[in-house]
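> A structural model of the following input is requested.
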Amino acid sequence: MMADGSAPIDCDVHAVLPGISALLPWLPEYWREQVTQTGFRGLVDHWHPPQLPFAGRRPAGAPADLVREVLDRPPAPAAAILHCDYAIESLHNPDASAAFATAANEWLFHHWLVADRRLRASIVVPSPFPELAAREIDRWANQPGWVQVLLPVRSPEPYGSKNYRPLFAAAARHGLPVALHYGGAPGNPPTPAGWSTLFMEEYAGMTGVFQTQVISLVAGGVFDEFPALKIVLVESGFTWLPAMLWRFDKNWKGLRREIPWVRRPPSDYIREHFRATIAPGDGPDDPEGLAAMIDDLGIDDLLLYASDYPHEHGDAAAAWWSGLGAKRRNRIGSENPRALYRL
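So this is what the prediction gives:
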């Protein structure tokens, strides 16, 4: 086991809500009545179909299970950042969206954060309603244990839109990174060409959604307005970055008059403001190949260790993580996340 100062931070662990009944203690009376006395039985969409093979292990139902499965197993993280990917964004009633986001955060706090000081969490927000999302960020940002804001990467419109400024302003005001996590259920198609026939198409094509959001955030001037803001790409992969950076810089040179507020090459903004988790990995399985690829990309500063518990994508992340050199493991596992989350 590593010394505490160099032990990694697990930047993506899922806290799976067992069902809508778990939220009842923290819902206002009106919404409790809607749940108990009508046909409403919870959100109909989740970011992953629940029985997918890569879901792998059964998720921890109690903090003690998660501690045993994540924190007490190699590489023995010093802390784990929880994501509750409950599809709040699928609720198109703003009052319902806000109420269920607050209840999800209350559940995270009372069920998880108070149970173990090594657990941290990302704030669930009603992302389609940025003013309400900003209120939810303000509600939790100064409470212990909250280190980030959680957004699904799929959204009704790209996040660089001016409509989302209240949300990013609240995150920046509190010094919180914003995680763009794989998935989302906003009600619009998951591809630019419309609805997929198979989940495999949606899953493989999600990289394009991440690229769209990265381009939108930079071109939309979000970082010119909030120069300290950081964005974490969670479950995005990272080997697609070099080609996208090259194309983005190339097109900016010819079209920058359209976005005069972007005063530097887009790749500069991305290297400064974006981070990416390493699981599920999309690089070589062997440690030597992975190390060579990271060397070629020059992205040590952008990467964050993550297990993506309880998902198992078959990418041998644990094997190649242990095979990386100690200096790189310390950089990706400890130095980068501790600086980002001020741990």
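> secondary structure element for the residue lying closest to F226 once chain neighbours are set aside?
For F226, ignoring the flanking residues on the chain, the nearest one in space by Cβ to Cβ, 6 or more residues apart in numbering is A172 at 3.9 Å. Every C-beta, even on glycine, is put in place using the N, C-alpha and C of the backbone. Assigned by DSSP states H and E, A172 belongs to helix 165-173.
> again with S216
Here S216 sits within helix 199-219, counting by DSSP H and E.
> measure how that helix sits relative to helix 165-173, angle-wise.
Using axes from the mean of the first three to the mean of the last three Cα atoms, to 10 degrees, the direction of helix 199-219 lies 70 degrees away from that of helix 165-173.
> which other helices and strands does helix 199-219 contact?
For helix 199-219, the packing partners by 3 or more Cβ pairs under 8 Å, 6 or more residues apart in numbering; DSSP states H and E come out as strand 231-234, helix 241-255, helix 266-273.
> so which elements touch the following helix or strand past it?
Using DSSP H and E, the next helix or strand after helix 199-219 towards the C-terminus is helix 222-225. For helix 222-225, the packing partners by 3+ Cβ pairs under 8 Å, 6+ apart come out as helix 165-173, helix 266-273.
> and those helices, which is most packed in?
Counting by mean count of other Cβ atoms under 10 Å, helix 165-173 has the highest mean neighbour count of the helices and strands packed on helix 222-225, with a mean of 21.
> and that helix, how far from the chain's centre?
Centre-to-centre, helix 165-173 and its host chain are 16 Å apart (Cα atoms, centre = their mean, to the nearest Å).
> after that helix, next one along is what?
Using DSSP H and E, the helix or strand that follows helix 165-173 in sequence is strand 178-181.
> for that next one, give me every contacting residue.
Outside strand 178-181, the residues that touch it by Cβ atoms under 8 Å, 6 or more residues apart in numbering are 12, 47, 83, 85, 122, 148-153, 159, 168, 171, 210, 213, 229-236.
> do stretch 125-141 as well
For stretch 125-141, contacts defined as Cβ under 8 Å, 6+ apart pick out 88-89, 91-92, 94, 97-98, 100-102, 105, 109, 123-124, 146, 149-152, 155-156, 163-167, 169-171, 174, 176, 186.
> write the ChimeraX selection for whichever of those are buried.
In ChimeraX, this line selects whichever of the contacts of stretch 125-141 come out buried by 16 or more other Cβ atoms under 10 Å:
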select :88,89,91,97,98,100,101,102,105,109,123,124,146,149,150,151,152,155,164,165,166,167,169,170,171,176,186
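> so of the contacts of stretch 125-141, which ones are in helices?
Among the contacts of stretch 125-141, DSSP state H puts 94, 97-98, 100-102, 105, 165-167, 169-171 in helices.
> closest one of those residues to P77?
Among the ones in helices among the contacts of stretch 125-141, N105 lies closest to P77 (Cβ to Cβ), at 22.4 Å.
> returning to what we had before: quick one, grab the pLDDT at the residue nearest to F226.
Listed pLDDT for A172 reads 98.
> ok, now how distant is it from A243?
29 Å (Cβ to Cβ, to the nearest Å).
> do the same with A64
44 Å.
> can you check S21 too?
With Cβ to Cβ as the criterion, S21 and A243 are 46 Å apart.
> again with Y159
Distance check for Y159 against A243: by Cβ to Cβ, it reads 22 Å.
> who has more neighbours, the two?
Y159 (24 against 10; other Cβ atoms under 10 Å).
> what helix or strand is the more buried one on?
Per DSSP H and E: Y159 is located in neither a helix nor a strand.
> now do the phi/psi pair for it.
Note on Y159: backbone dihedrals following degrees, to the nearest 10 are phi -70, psi -10.
> could you list the low-pLDDT ranges of the protein?
By pLDDT under 70, the low-scoring segments of the chain are 1-5, 44-60, 313-320, 323.
> now the strands for it?
Using DSSP state E, the strands of the chain run over 9-14, 79-83, 119-124, 146-152, 178-181, 231-234, 274-277, 303-304.
> TSV for these, including distance to W140?
As requested, those are exported to TSV (distance: least, Cβ to Cβ, whole Å):
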stretch	distance to W140
strand 9-14	18
strand 79-83	13
strand 119-124	5
strand 146-152	5
strand 178-181	14
strand 231-234	17
strand 274-277	21
strand 303-304	22
